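# Test case, fold it:
(4 chains)
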Number of protein chains: 2
Amino acid sequence: MSAPVRRTGGRSAAVLSAIRYAVEELVRERGAEKVTIPMVAERAGVNPTSIYRRWGDAPALLNDIATYRLDPDRPLPDSGDLRADLAAWAAELVEHYRKPLNASILRGGSATAGEQETDCLRNRRAEALLIVERIRQDNDAASPVSADEVIDGLVAPIVYRAIFLPWTLDGDLATRLVDRLLPQ
Amino acid sequence: MSAPVRRTGGRSAAVLSAIRYAVEELVRERGAEKVTIPMVAERAGVNPTSIYRRWGDAPALLNDIATYRLDPDRPLPDSGDLRADLAAWAAELVEHYRKPLNASILRGGSATAGEQETDCLRNRRAEALLIVERIRQDNDAASPVSADEVIDGLVAPIVYRAIFLPWTLDGDLATRLVDRLLPQ
DNA sequence: CTCCTAAAGCAACGATCCTTGCGTTACGCT
DNA sequence: AGCGTAACGCAAGGATCGTTGCTTTAGGAG
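Model prediction:
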């Protein structure tokens, strides 16, 4: 009647990392949409059944890899200056999606989105809210921008470009967007 | 040695429209990602081979339907007032992607994007350029916004929401975005 | 070290997909 | 109206995918 005891060490860990590595390679090579479970299994030297039993299907597997890569618990920029924080945060996103692998995974996730907010993007919203809210508390005054405006003004353009125009994710996109979002 | 003579009438046309209708129904029901060629064929009362021979694979088929729906030759708003034109154009986009079918097709297209600009989105860029450029010529002065800014400020948020947050495509999103893009 | 069982491997199965060769239909041109 | 061939239908084939029951391996607790 007690919860089953998870086994995280030894073989399981080896299988897990082999699968993750294989997924990353295959997504890079063929794009997220054309990665199948048997392919991953063969590349990882693992039995397909192990993957089916653990993740169920390909989108779940990709989603796991994706959230594994951009750590939801990483520290967020907190200089006390809204402009600087937003710029640093946006630059982080740009840098992340400049890697073809991460962009591919994003595209794969977008295909099955729409019902409820996708995990990796819901985290972006939460982070935006946190940055904005923290400024509000520090200064004890309303933030000049809402979280929704941050989504529309920073996340949306970055994600849009990552999906459809990945070659336009240049180094100073982040600051350009922030300058447009916070005039003067 | 001459180019093969295309046959567009009678049976071919009937098959084509039956397939298009079937695709739209199925995308609406299951989402673009879960639509397979045999499914479409059965729904349309057509042999799968005909589809494989004409389009090759599912993404190509979906892309064809997508570009067929938002007519690239439709008239663009042209009132002479930049703000009004952009607002009308953005509202048109919002209205288009509010239909779950069109949003689904967009998601399907996003999955395979990234290499070169996807057809339906390249058209959006061309339209943005046209609107901005026309204003410049009429007034014989530089437009207050560039086409890229229109992409980042209007298209990106609309498309982002259409893909990931479709339930936030409300009626006055277009004007909100335009107001933010063109202050005062 | 020993026991329990979580997790991985193995094998067989049905389902579905995509291809290919060939016969049939009917569009479009003369 | 008659002809050539583009486009569709049909059927068989191989390939791949995902599931399931069972066996084997090895992690973690006592």
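
# Would you agree A:L129 is in contact with A:S146?
No - between A:L129 and A:S146 there is no contact, the gap being 9.1 Å when judged by C-beta atoms under 8 Å. (Glycine included, C-beta is placed from N, CA and C.)

# what does chain A have sitting close to chain B?
For chain A, the residues found near chain B under the criterion C-beta under 8 Å from any C-beta of the partner chain are A:31-33, A:103-104, A:107-108, A:110-114, A:117-118, A:121, A:149, A:151-153, A:155-157, A:159-161, A:163-166, A:177, A:180, A:183.

# Please check those and keep the buried ones.
A:31-33, A:103-104, A:107-108, A:110-114, A:118, A:121, A:149, A:151-153, A:155-157, A:159-161, A:163-166, A:177, A:180 (16 or more other C-beta atoms under 10 Å in any protein chain shown).

# In helices only, show me those residues.
Counting by DSSP state H, the part of these found in helices is A:103-104, A:107-108, A:110-111, A:121, A:149, A:156-157, A:159-161, A:163-164, A:177, A:180.

# Low-confidence stretches in chain A?
With pLDDT under 70 as the threshold, chain A has low-confidence stretches at A:1-3, A:116, A:119-120.

# give me that answer again for 80
Across chain A, the ranges flagged by pLDDT under 80 are A:1-7, A:9, A:66-69, A:71-73, A:112-120, A:139-142, A:184.

# Right, and DNA strand D sits closest to which residue of it?
A:G10 (2.5 Å; C-beta to the nearest atom of the strand).

# roughly how far apart are that residue and A:P4?
As judged by C-beta to C-beta, to the nearest Å, A:G10 and A:P4 stand 17 Å apart.

# Those two: which is more packed in?
Neighbours were tallied for A:G10 and for A:P4 using other C-beta atoms under 10 Å in any protein chain shown; the higher tally belongs to A:G10 (8 against 5).

# can you count the residues close to A:A91?
Residues lying near A:A91 (other C-beta under 10 Å) number 19.

# and it, helix, strand or coil?
Three-state call for A:A91 (DSSP: H, G, I helix; E, B strand; the rest coil): helix.

# Excluding chain neighbours, what is closest to it?
Taking C-beta to C-beta, 6 or more residues apart in numbering or on different chains as the measure, A:A91 lies nearest to A:A174, with 4.0 Å between them; neighbours along the chain are not counted.

# okay, the helix or strand where that neighbour lies in CSV with CA atoms only?
Secondary structure assignment for A:A174, by DSSP states H and E: helix A:173-181. Taking only C-alpha atoms (Å, rounded to 0.1, in the frame of the first residue of the first chain), the coordinates of helix A:173-181 have been written out as CSV:
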residue,chain,number,x,y,z
LEU,A,173,17.7,41.0,-30.6
ALA,A,174,17.0,40.9,-26.9
THR,A,175,18.1,44.5,-26.2
ARG,A,176,16.2,45.8,-29.3
LEU,A,177,13.0,44.2,-28.1
VAL,A,178,13.5,45.5,-24.5
ASP,A,179,14.1,49.0,-25.9
ARG,A,180,10.9,48.8,-27.8
LEU,A,181,9.0,47.5,-24.8
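
# What is it packed up against?
helix A:82-98, helix A:156-164 (3 or more C-beta pairs under 8 Å, 6 or more residues apart in numbering or on different chains; DSSP states H and E).

# what angle sits between the shortest one and helix B:173-181?
Here helix A:156-164 points in a direction 110 degrees away from that of helix B:173-181 (axes from the mean of the first three to the mean of the last three C-alpha atoms, to 10 degrees).

# for helix A:156-164, the distance to its chain's centre please.
Between the centre of helix A:156-164 and the centre of its chain there are 13 Å (C-alpha atoms, centre = their mean, to the nearest Å).

# same check, this time on the first one
Mean C-alpha position of helix A:82-98 versus that of the full chain (C-alpha atoms, centre = their mean) differs by 13 Å.

# elements contacting that helix?
The elements that helix A:82-98 packs onto, with contact taken as 3+ C-beta pairs under 8 Å, 6+ apart, are helix A:100-111, helix A:119-139, helix A:156-164, helix A:173-181.
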